[in-house]
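Novice: here is a sequence with its predicted model. Questions after.
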Amino acid sequence: MGEVKNVANPATSTTVPAPTPAPVPPPTRRTAFAEGVDKARAAATTEPGRLRIIGAFLALLVLAFGSVTAWQTTDRAAAADDVLHKSQPLSSAAADIYRSLADANTTASSGFLAGGQETAGSRQRYEDDIDTAAAKLVTAANNADPGSPSTASITKLNTLLPEYKGLVERARTYNRQGFPVGGAYLRYANEKMQNDMLPAAEDLYKKENQRLQDDYADATPYPWAAIALGVLALAGLTWAQHRNYRRTNRVLNHGLVAATATTTVVLLWLVVGHTVARAGLDDSYDHGVRSLNVLHDARIASLKARGNENLTLVARGAETVKVTADGEAVTLDKFDHDFTTEITTLGKGLTLAAKLADDQAGGKPVATAESNMTEWKKRHTAARAQDDNGNYEQALALVIGGKDATGACFDGVDKNLANALAHEQTEFRQAAGDGLDAMTGLPIGAAVLAVLGAAGAVLGIGRRLSEYR
């Protein structure tokens, strides 16, 4: 080691170590990715390397096309299956809950008017309606998602149904004994039905209809991502074959031709299959769901009208409502006013249903229901005239009497609407089933053909590479 001396004062000189050179850091090792990029870049300068890159790119492109096709068609097929087997049946079940509750309320008021003459058939109809509503609520509860808005409506209806039934039974008991309080109990039961139960049932119906709309929205859009990848894969395969032709003067490469054929088959299957499926689903909505919704609403309006007609005689003017007519406030019987509103809604619904009916089997019951409604309005006017003139018994006979009463007209409307609903339900199932069938096998078929296409692309490029060995 060298030393440094104090020249000015040699006596105090000390030895100072010389500075140590800084260590040289080892060369930084490049990342595997960077080395891979360099190797790929170097390989791309040779024809074998370029062929390997082209083969890998084509295989990945075809596989991506098949994967996205399988994914998107699986989602659409699942949504179409929900439309056919879940959401639409649940929508109809929700409508049946509403109809059963409304019909039970109507039948209860009819039986009350009959007093001790209530028929066994009328009583059985009421019991059947209550049982149907309870059974449909169980079905809806089993298919509703926990914590969903539909579950809240179902829970509310399950709570209110036994309360309503108890009020009706009290009204019947007091009515058979000739106590006027029976009418009060029936009006209270009707208020619970009109203000609590039917709104909850209608809310459930709207929610299930929205669920049906969402399933249609998931099932019908074109799978544009898959279609774009299919077009890109075909373009890539076409370019690779053109390049091969220019460099070797060979027209066909069997592997690339096979890959092109399988990709073309998948793309055509995808486009044609989805187009047919979409057409079937659109037809099921236009000529099925729309008609079903209109007919359900019309049937509900007829039930409301019948219930209000009966309650007009039960209440006997005890409840009124003020409306404005020609700028003046007029006091009217509440239930008769509500009858007029609902019978108008029924007429509009039947007119729309007639326009939507696309064949005689669907149009004939609607036309007959319109005829029944027209006669119903005439008989109702006659019954109101008798009641307004103090002839209660005559008015009662015109409402709950035999074949010449308004009840017969209501039964005709309800029966014909039920027939129209059955026809439109069949139309829906057929069209929606055709749409679902058009996508059968497409996800699995696309995946299998994509694997074969990718293998063909690799083999085709491998055939060219063998020429360099």
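Specialist: Here it is on my side, so go on. Predicted model only: the values in this text are computed from it and were never measured.

Novice: in the helix ranked longest in the chain, what's buried?
Specialist: Longest among the helix segments of the chain by residue count, using DSSP state H, is helix 47-82. Neighbour-count burial for helix 47-82, with 16 or more other C-beta atoms under 10 Å as criterion, is recorded at 49, 51-52, 54-55, 58-59, 61-74, 76-77, 79-82. C-beta here means a position set from N, CA and C on the backbone, and glycine is covered the same way.

Novice: check stretch 357-370 too.
Specialist: The neighbour-count check on stretch 357-370 (16+ other C-beta under 10 Å) flags 357, 362-363, 365-370 as buried.

Novice: who touches stretch 338-348?
Specialist: The set of residues external to stretch 338-348 that reach it, using C-beta atoms under 8 Å, 6 or more residues apart in numbering, is 297-298, 301-302, 304-305, 308-309, 312, 370, 373, 376-377, 380, 413.

Novice: out of these, which comes closest to Ala102?
Specialist: Nearest to Ala102, judged by C-beta to C-beta, of the contacts of stretch 338-348 is Lys304 at 6.3 Å.

Novice: what does the model give the closest one for pLDDT?
Specialist: Reading off the confidence values, Lys304 has pLDDT 87.

Novice: returning to what we had before: return the member of the buried residues of stretch 357-370 nearest to Glu202.
Specialist: Ala369 (21.5 Å).

Novice: give me the element the nearest residue to the closest one once chain neighbours are set aside is part of.
Specialist: Leaving aside its chain neighbours, Ala369 sits nearest to Asn416 (3.9 Å; criterion: C-beta to C-beta, 6 or more residues apart in numbering). According to DSSP states H and E, Asn416 maps onto helix 406-437.

Novice: packing partners for that helix?
Specialist: Helices and strands touching helix 406-437, as assessed by 3 or more C-beta pairs under 8 Å, 6 or more residues apart in numbering; DSSP states H and E, comprise helix 47-82, helix 88-114, helix 254-284, helix 290-315, helix 360-388, helix 392-400.

Novice: go with 10 Å
Specialist: Contact here means 3 or more C-beta pairs under 10 Å, 6 or more residues apart in numbering; DSSP states H and E; on that basis helix 406-437 packs against helix 47-82, helix 88-114, helix 198-219, helix 254-284, helix 290-315, helix 334-356, helix 360-388, helix 392-400.

Novice: ok, the residue most central in space within the chain - contacts?
Specialist: In the chain, the residue lying closest to the centroid (C-alpha atoms, centre = their mean) is Leu212, at 1.4 Å. By C-beta atoms under 10 Å, 6 or more residues apart in numbering, the residues touching Leu212 are 82-83, 86-92, 285, 289, 293.

Novice: top of those by neighbour count?
Specialist: When the contacts of Leu212 are compared by neighbour count (other C-beta atoms under 10 Å), Val83 ends up highest, at 29 neighbours.

Novice: pLDDT score for that residue?
Specialist: So, for Val83, pLDDT stands at 92.

Novice: ok, the closest residue to it other than its chain neighbours - contacts?
Specialist: Spatial nearest neighbour of Val83, chain neighbours left out: Asp215 (4.7 Å); criterion: C-beta to C-beta, 6+ apart. Listed by C-beta under 10 Å, 6+ apart, the contact set of Asp215 reads 78-84, 86-88, 281.

Novice: and of those, the nearest to Ala385?
Specialist: Taking these together and measuring to Ala385 by C-beta to C-beta, the closest member is Gln88, at 44.4 Å.

Novice: which pLDDT value does the model give the closest residue to the closest one other than its chain neighbours?
Specialist: Of all residues not flanking Gln88 in the chain, Leu212 sits nearest, at 5.5 Å (C-beta to C-beta, 6+ apart). In this model, Leu212 is scored at 91, pLDDT.

Novice: before we move on, the earlier item: quick check, nearest of the buried residues of stretch 357-370 to Asn105?
Specialist: Ala369 (20.7 Å).

Novice: spit out the contact partners of that closest one.
Specialist: Per C-beta under 10 Å, 6+ apart, neighbours of Ala369: 295, 298-299, 302, 346, 349-350, 353-354, 376, 409, 412-420.

Novice: give me the buried subset of those residues.
Specialist: Applying 16+ other C-beta under 10 Å to the contacts of Ala369 flags 295, 298-299, 302, 346, 349-350, 353-354, 376, 409, 412-414, 416-417, 419-420 as buried.

Novice: and stretch 299-310, how far out from the chain middle?
Specialist: 28 Å (C-alpha atoms, centre = their mean, to the nearest Å).

Novice: what helix or strand does Lys322 sit in?
Specialist: Applying DSSP H and E as the criterion places Lys322 in strand 320-325.

Novice: mean confidence (pLDDT) on that strand, please.
Specialist: The average pLDDT within strand 320-325 is 67.

Novice: what's the burial count for the nearest residue to Leu90 once chain neighbours are set aside?
Specialist: What sits nearest to Leu90 in space, not counting adjacent residues and going by C-beta to C-beta, 6+ apart, is Glu208, at 4.9 Å. Using other C-beta under 10 Å, the number of residues around Glu208 comes to 26.

Novice: what does the one 10 residues further on give?
Specialist: Asp218 is flanked by 15 other residues according to other C-beta under 10 Å.

Novice: ok so, going back, the helix holding Asn416 to helix 88-114, inter-axis angle?
Specialist: 170 degrees (axes from the mean of the first three to the mean of the last three C-alpha atoms, to 10 degrees).

Novice: which helix or strand lies directly C-terminal to helix 406-437?
Specialist: helix 442-465.

Novice: which elements pack onto that following helix?
Specialist: Counting by 3+ C-beta pairs under 10 Å, 6+ apart, helix 442-465 packs on helix 47-82, helix 224-248, helix 254-284.

Novice: now for the last one, which elements pack on it?
Specialist: When contacts are defined as 3+ C-beta pairs under 10 Å, 6+ apart, helix 254-284 packs onto helix 47-82, helix 198-219, helix 224-248, helix 406-437, helix 442-465.

Novice: now do the first one
Specialist: The contact analysis (3+ C-beta pairs under 10 Å, 6+ apart) places helix 47-82 against helix 32-43, helix 198-219, helix 224-248, helix 254-284, helix 406-437, helix 442-465.
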